[in-house]
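Engineer: Can you look at this prediction? I've put the sequence above it.
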Amino acid sequence: MAGFRRIKIIGKWDIGYALDLHVESSEFIGYDELGHEQFDTKRTKIGELIYRLKYKSDKTVLKDIIQIICEFSNFKSIDFIIPVPPSNTSRTFQPVVEIAKHLGKSLGIPVLPEAVIKVKDTPQLKNMSTFEEKYRILKVFEIKDATIRGKTVLLLDDLYRSGATLTAITELLKRKGGVSKVKVLTLTKTKRG
């Protein structure tokens with residue numbers, strides 16, 4: 001896959017990868033008229049596509065995102081795709097869920113968008129500094145689909161920062177969901193994660 005880093009991410013899952021970093025560079029350039037910090041940010045190709053989908057609601061990039069994911073691996077040993085439950089439930093359009101649905105359709109793999117659900121709201125994880133702090137508040141997920149028992153699932157997310165959310169969900173999938181294997185794919189990764 002030319003132009004992508006394919007970064008291995010280590011955790012409680014059986015195997016995990018990020019397709020690339022999210023940002024190549026970000027340089028502080030000053031403040032806007034409201035006093036907000038401004039940055040000149042250069043994203044990777046997949047990082048820019050995710051940014052456009054998530055923050056600009058540009059659904060036209062879905063085809064490119066799915067093509068990039070499909071070039072990454074053959075996904076032959078996956079029984080189900082499970083998107084990470086959204087942290088911002090007020091969005092009418094949930095990017096990770098949509099990516100999972102399009103990927104599942106493209107690969108012929110069933111998608112279970114509600115196999116794992118979030119049962120209570122949590123503060124934004126990006127505002128917390130330590131893995132332990134993030135992990136402690138993530139005991140908010142439940143399994144809602146018994147068809148995953150004994151199966152291999154692909155846990156899909158858009159951004160890997162610390163791995164706290166993926167760790168909490170992986171442990172739940174294995175302990176309460178009885179899955180055989182959890183494979184993780186995040187589309188991008190922070191430089192520090």
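Structural biologist: Right, received. Where do you want to start? Residues are numbered from 1 along each chain as shown.
Engineer: what separates the most far-flung residue of the chain relative to its centre from residue 192, distance-wise?
Structural biologist: What lies farthest from the middle of the chain is residue 33; by C-alpha atoms, centre = their mean that is 33.5 Å. With distances taken as C-beta to C-beta, to the nearest Å, residue 33 is found 30 Å from residue 192. In this view, the C-beta of every residue, glycine as well, is placed from N, C-alpha and C.
Engineer: residue boundaries of the helices in this protein?
Structural biologist: Per DSSP state H, the chain carries helices over the ranges 45-56, 62-72, 95-107, 131-137, 164-175.
Engineer: which parts of the third one are buried?
Structural biologist: Applying a neighbour-count criterion of 16 or more other C-beta atoms under 10 Å, one finds 95-104, 107 buried in helix 95-107.
Engineer: which one among these gets closest to residue 73?
Structural biologist: Using C-beta to C-beta, residue 107 comes nearest to residue 73 of those, at 10.0 Å.
Engineer: how much space between the residue farthest from the centre of the chain and residue 27?
Structural biologist: Using C-beta to C-beta, residue 33 is found at 20 Å from residue 27.
Engineer: Spatially, what comes nearest to residue 64 if we skip its sequence neighbours?
Structural biologist: Leaving out its chain neighbours, the residue that sits closest to residue 64 by C-beta to C-beta, 6 or more residues apart in numbering is residue 49, at 5.7 Å.
Engineer: residues in contact with the one you found?
Structural biologist: 61, 64-65, 68 (C-beta atoms under 8 Å, 6 or more residues apart in numbering).
Engineer: neighbour-wise, which of those leads?
Structural biologist: residue 65 (22 neighbours; other C-beta atoms under 10 Å).
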